[in-house]
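Undergrad: model this:
(2 chains)
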Amino acid sequence: MTDIKVDTLRKEFSSDAGKIVAVDDVSFTVDDGEFVCIVGPSGCGKTTLLRCIAGLERPTSGQIKLGTEEVTDVPPQNRNLAFVFQDITLYPHMKVWENISYPLKLDGIGPDDRYEKAQEVADTIQIGELLDKYPGELSGGQQQRVAIGRSIIRSPRAYLLDEPMSDLDAKLKKEMRVELQRIQQQVGGTMVYVTHDQEEAMTLSDRMLVMDDGNIQQFGSPQKVYHEPNNLFVARFIGSPEINLLAASPVSDTGETVSVEDTDWTVDTGIQASSVPGRVTLGFRPRHTTVARTTNPDGLGGEVALVESVGDENILYVDTKVGEVRVVVDIEEYPVSEGDSVEIGVERSYLFDRDTGDTIAKSTEHQPDREDTVET
Amino acid sequence: MSTVSDGVRAVVPTRWQRKTNGVLASVFERDKTLLALCLTPALALFILIALLPMVWAFNLSLYEVSTLSPIWEWTGPGRLVDIVTSSGFQIAFGRSLVFGFGSVAFQLIAGVGLALLVNKEFKGAVLARALALLPYLVPAVVIGMVGQFMLNAQYGIINLLLLRVGVLDNPVAFLGLPETAMVTVMIVGSWKFAVFVTLLTLARLQSIPEHFYEGATMCGANAYQKFRDITLPRIKNVILIAALLRTLWMFNKFDIIYIMTRGGPGESTTTIPLLAYEIAFNQYNLGEAAGIAALMFVFLAAWSVLYFRVAEPEQEVRVA
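TA: Purely as a prediction, here's the structure:
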């Protein structure tokens, strides 16, 4: 096991339209034994970054180090990294045990020893009874288990996973997530996991690396990324339902009160910033709100256009003068139905610089040590 | 049908259309009619140009028939035994084996090699693939003639090159010497048909997903191991089928040998088809020639059955 250091890594592709920068001089370190998710929208360069670490892509410039060894120019087959692909790459003409033990075959180990080792690994990932089947006879989840089995059989220096669960159905995904964490604890490996699914990233990672447009937007624990986003992009990308963003301007210099543009609404943000620019974006998460039914809202509010019931909670889509505002409320506490007029109270909020997108400040109300439900 | 609200009239089929639709539907819905309709032309053609001549030839082989005499003289099946035991037939059969298997070996190696080469992704790969398949379009006559020119001892380019490079001290008449004629004909004749193997193999190669190779790379496989564990299992069956077809066709090959050597020098390239030709059209002995052809047919049929039993090329590899 080893840590992974990536230093000013850059990867450009040439296309008919000219040069495309997929990874734009990124640097970060994944610690030994850490589970890091690289998350971002499609086309943000996350898979390219992973493939560079694996050696399947040659970086344009920059350095990759595994532990103390620099591997930038080492061919992938000599890096001893395990890679689990999005398209499950099992060999259809080989049985499950042959697939799992394929890396051992390449090391010249005989079939009997391989079978034994494959049995061991298969028991770990709970597919011990499937060894003599062909991949074509397995379900998607079982196939992905086999692929994971193949990746752990040779104790690699680190595991790289490229959206391994994107083809699985929602329920299976949840199961496999738990399974993957269990496997990680058991084998104790450094894992880099690429996904476009922020929920997956939130639940799996020790730290998550949020990427957009070839750049790292934020690298930190899920809690940190969720509660203290670096910028508008991270705030919008992480958390579901999506954060509410309203164009606003500060009433006071500290940003304690802001007025929402194109309205006479003011919102108390609870923010004490040293300086606030004139053009800001007010952000507040749907869960950090209160609602009150009122016949004639004079503050932030409007008519409830849609109520989505998710178990104990309702997601309200409220039509306001400045567009849709999403609110998550407890069904018991706030029984609201479609067509009601509501006023929305903001409990915690963020201010972003509207021109740069950077976070200016957030409400002081939030205590980082407080146990918080991180909605995903 | 009625007029819809915005005034656009819906399309109403005419009576004639309804009628034809009905007839067509009844044809296509009845499996047996459809089957008969599709199979009859091909079947008729097959009977006319393959089955009847074959039966005719088998029948012919039991008679003594001369082109110069209209009378067929019954000889019976003993004639076939005579042919098999004759040294002329046996030697020619030996040459056929050499020519057939030798050619196919060459075609497989060259064909699969070429397929692997042009399967790579590079600039101009599509053009390269098209060019690689081009020889298949060249008629055997042209290949034979060009081959003769190129191999000529006095003005052929092959001799010129080999002399310049220093491989040869004196020009060699490759087609004029019994020792070299067979190998030369094999190579010239196979050049074109190697592309047949390329065609089949390339189609299969293109269907192997790239991530299979990447997966193997990450498992630590080198180029040879990737070929052995991913490529070969996938193309094995198509190669087996190609090998069978090519053996059948190369055993029957007549044109390229006839054009280049007419079976010579001496009889060094007289394979079974050339022997049959010689007996039929130079010795005017149609019955014996038919007998040779019939024996050839039996041999190839037996070979095919054996091949399918042993190699099992119809066993599909698991692809999913």
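
Undergrad: residues near whatever residue of chain B ends up closest to chain A, how many?
TA: For chain B, the residue closest to chain A is residue B:215, as judged by C-beta to the nearest C-beta, at 3.2 Å. For glycine as for every other residue, the C-beta is placed from the backbone atoms N, C-alpha and C. Neighbours of residue B:215 under the rule other C-beta atoms under 10 Å in any protein chain shown: 26.

Undergrad: can you give me phi and psi for it?
TA: Dihedral pair for residue B:215: phi -60, psi -40, per degrees, to the nearest 10.

Undergrad: Same check on residue A:208?
TA: Main-chain torsions, residue A:208, degrees, to the nearest 10: phi -120, psi 140.

Undergrad: could you check the distance from it over to chain B?
TA: Residue A:208 sits 23 Å away from chain B, taking C-beta to the nearest C-beta, to the nearest Å as the criterion.

Undergrad: residues contacting that residue?
TA: Neighbour list for residue A:208: A:36-39, A:201-202, A:219-222, A:225 [criterion: C-beta atoms under 8 Å, 6 or more residues apart in numbering or on different chains].

Undergrad: between those residues, which is nearest residue A:159?
TA: residue A:36 (10.7 Å; C-beta to C-beta).

Undergrad: what are the ranges of the strands in the stretch 1-150 of chain B?
TA: Here the stretch 1-150 of chain B has its strands, by DSSP state E, counting those that start in this stretch, at B:63-64, B:73-74.

Undergrad: Could you say which of these is packed most deeply?
TA: Highest mean neighbour count among the strands of the stretch 1-150 of chain B (mean count of other C-beta atoms under 10 Å in any protein chain shown): strand B:63-64, with a mean of 16.

Undergrad: partners of that one, with directions?
TA: Here strand B:63-64 is paired, per DSSP bridges, with strand B:73-74 (antiparallel).

Undergrad: Quick check: helices, which of the contacts of residue A:208 are part of them?
TA: Within these, residues falling in helices by DSSP state H are A:201-202, A:222, A:225.

Undergrad: which one of the contacts of residue A:208 is nearest chain B?
TA: Lowest distance from chain B to those (C-beta to the nearest C-beta) belongs to residue A:38, with 17.3 Å.

Undergrad: Near the closest one, how many residues? Count them for me, please.
TA: 30.

Undergrad: quick one: buried residues of the lengthiest helix in chain B?
TA: Identified as the longest helix of chain B according to DSSP H is helix B:87-119. For helix B:87-119, burial by neighbour count (16 or more other C-beta atoms under 10 Å in any protein chain shown) applies to B:89, B:92-93, B:95-96, B:99-104, B:106-108, B:110-112, B:114-116, B:118-119.

Undergrad: Kindly report the same for stretch A:211-231.
TA: Within stretch A:211-231, the residues that count as buried by 16+ other C-beta under 10 Å are A:211-212, A:214-220, A:222, A:225-231.

Undergrad: Could you do stretch A:17-24 as well?
TA: Buried residues in stretch A:17-24, counting neighbours by 16+ other C-beta under 10 Å, are found at A:21-24.

Undergrad: Figure out how far the helix or strand containing residue B:213 is from the centre of its chain.
TA: Under the criterion of DSSP states H and E, residue B:213 resides in helix B:210-219. Distance of helix B:210-219 from the chain centroid (C-alpha atoms, centre = their mean, to the nearest Å) equals 35 Å.

Undergrad: near chain A at all, whichever helix or strand comes after that helix?
TA: As assigned by DSSP H and E, the chain's next helix or strand after helix B:210-219 is helix B:223-226. Yes: using C-beta under 8 Å from any C-beta of the partner chain, helix B:223-226 reaches chain A at residue B:225.

Undergrad: Counting by contacts, list what whichever helix or strand comes after helix B:223-226 packs against.
TA: Next along the chain after helix B:223-226, taking DSSP H and E as the criterion, comes helix B:232-251. Counting contacts by 3 or more C-beta pairs under 8 Å, 6 or more residues apart in numbering or on different chains; DSSP states H and E, helix B:232-251 is packed against helix B:87-119, helix B:178-206, helix B:286-311.

Undergrad: Adding distance to chain A, write those out as TSV.
TA: Shown next, in TSV, are the helices and strands packed on helix B:232-251 (distance: least, C-beta to the nearest C-beta, whole Å):
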stretch	distance to chain A
helix B:87-119	18
helix B:178-206	13
helix B:286-311	16
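
Undergrad: related to what we said a few turns ago, and the longest helix of chain B with helix B:286-311, angle?
TA: Going by axes from the mean of the first three to the mean of the last three C-alpha atoms, to 10 degrees, helix B:87-119 is angled at 50 degrees with respect to helix B:286-311.

Undergrad: Also compute the angle for helix B:87-119 relative to helix B:178-206, please.
TA: Calculated by the same axes, to 10 degrees, helix B:87-119 forms an angle of 40 degrees with helix B:178-206.

Undergrad: What is the distance between helix B:87-119 and the centre of its chain?
TA: Centroid displacement of helix B:87-119 relative to its chain, using C-alpha atoms, centre = their mean, is 11 Å.

Undergrad: Now do that helix: which elements does it pack against?
TA: Applying 3+ C-beta pairs under 8 Å, 6+ apart, we find helix B:87-119 packed against helix B:125-133, helix B:178-206, helix B:232-251, helix B:272-277.

Undergrad: Phi, psi for residue A:327 please.
TA: phi -140, psi 140.

Undergrad: And it, how far from residue A:303?
TA: Distance, residue A:327 to residue A:303, using C-beta to C-beta, to the nearest Å: 13 Å.

Undergrad: anything in contact with each of these two?
TA: Residues touching both residue A:327 and residue A:303 (C-beta under 8 Å, 6+ apart): A:318, A:342.

Undergrad: more crowded one of those two?
TA: For the pair residue A:327 and residue A:303, the greater number of neighbours falls to residue A:327 (26 against 13), based on other C-beta under 10 Å.

Undergrad: Surely that one and residue A:292 touch.
TA: No: between residue A:327 and residue A:292 there is no contact under C-beta atoms under 8 Å: 11.1 Å.
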